[in-house]
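A.B. asks: Sharing a model prediction with you, sequence too.
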Amino acid sequence: RGLWEFKNYKEAEMFEMVNRFESRGMARKDAELVVGKMAQYETFFVNLMVCEDLGMQLTEENDASFLTDAFVMFASYATFGAIPILLFCLGSVGLSSSWELYLISVGSSLVVLSLLGVVKSTFSGSNWFVAALEVLAVGIACSGVAYALGYQ
């Protein structure tokens, strides 16, 4: 969308950027000069617009990197998601109560989601406890929605 805005409303986007720089203490003439020069480089200027407007940094990754990221995410969720299911299946051999199986499944799911959050924190650089709570909360919310939709 930023590219479309730049191509269709270049003057308005430049005016907006000049006002931003001026509000941060740059003289109007200097801001116009700097923005005029930056606008000559379309990709650079669009990245700057997105960063300023949305607070997001655009990445310059290629499709192969996205596929690798997608595969890693799939593998981690498949691995971590299989653990509670395997425990449930293995537990059904020795346990007679369905309530015990349910508790094992729920407990192992909570532990696995917490571990997934800890693993996530090593890659994201966030606090391990906060990341574990975040993944746990999302997992509980998704489980609740799935249970509510399936319960009829």
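C.D. replies: In hand now; what should we look at?
A.B. asks: Please point out which parts of stretch 81-91 sit buried.
C.D. replies: Buried residues in stretch 81-91, counted by 16 or more other CB atoms under 10 Å: 84, 87-88, 91. The C-beta positions use only the backbone N, C-alpha and C, and glycine is treated the same way.
A.B. asks: got it, and stretch 42-56?
C.D. replies: 45-50.
A.B. asks: ok, residues contacting that stretch?
C.D. replies: Stretch 42-56 is contacted from outside by 2-3, 5-6, 13, 17, 20, 38-39, 57-58, using CB atoms under 8 Å, 6 or more residues apart in numbering.
A.B. asks: Ser98: which of those residues is nearest?
C.D. replies: Set against Ser98, the nearest of the contacts of stretch 42-56 by CB to CB is Gln57 (49.8 Å).
A.B. asks: Can you mark which positions in the strand or helix carrying Val35 are buried?
C.D. replies: Applying DSSP states H and E as the criterion places Val35 in helix 28-38. Within helix 28-38, the residues scored as buried using 16+ other CB under 10 Å are 31-32, 35, 38.
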